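Fold the following.
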Amino acid sequence: MTPVTAGTPTIRIDPNSATPPFEQVRAAFAARITDRRLVAGTRLPTVRALADELGLAVNTVARAYRELEAAGLVETHGRAGTVVSAVGDQATERLQQAALGYALLVHEVAMPSGQALDLVRAAMLQVARGYRPVEPSGDQ
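As a prediction, the model looks like this:
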């Protein structure tokens, strides 16, 4: 496992993992962005520097960065580099507000927190399986 610390929290790549290296890089940065260890405006290492440091191919790191950009977590500005996007912070803020609203409702109806978390897990599974709310048709 190779650590990376060049101005960012340590990233470790496990060469024995079933998870491809690009996904390990992507997931490591995504986790640090969503939990705000890397805040908006933080510059990521260059693709070449990170690839060298991790002992990976440049294209492997480039793919991880492209996927982070597609998710809106980072922005790439050509030679100016890749920085953490404010959009990631906004998404986290929206989710925190929704979670707070849910927690207040759980408290209001006096539901045990374990049961409330079970409802969230069930909802997450429904969404992962393709659930989408039905839009009212307006025909009545």
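
what ranges do the strands span in the chain?
With DSSP state E as the criterion, the chain has strands at 2-4, 11-13, 74-76, 82-84.

Domain map for this structure?
Taking automatic domain parsing as the criterion, the chain consists of the domains 2-84, 88-128.

Deepest in the core, which of the ones you listed is it.
Greatest average neighbour count among the domains of the chain goes to domain 2-84 (a mean of 16), per mean count of other Cβ atoms under 10 Å. Every C-beta, even on glycine, is put in place using the N, C-alpha and C of the backbone.

Check the average confidence over it, would you?
Average pLDDT, domain 2-84: 88.

cool, and stretch 108-116?
96.

end-to-end on it?
12 Å (Cα to Cα, to the nearest Å).

for stretch 53-60, same thing?
Counting by Cα to Cα, the terminal residues of stretch 53-60 are separated by 13 Å.

mind pulling up the phi and psi values for residue 17?
phi -70, psi 150 (degrees, to the nearest 10).

Spatially nearest residue to it, not counting backbone neighbours?
Leaving aside its chain neighbours, residue 17 sits nearest to residue 24 (6.6 Å; criterion: Cβ to Cβ, 6 or more residues apart in numbering).

do the same with residue 76
residue 82 (4.7 Å).

so which of the strands of the chain comes closest to residue 90?
Closest to residue 90 of those is strand 82-84 (Cβ to Cβ; 11.9 Å).

Residue 55 versus the spatially most central residue of the chain, what's the distance?
The residue lying closest to the centre of the chain (Cα atoms, centre = their mean) is residue 30, at 3.6 Å. Residue 30 is 21 Å from residue 55, where distance means Cβ to Cβ, to the nearest Å.
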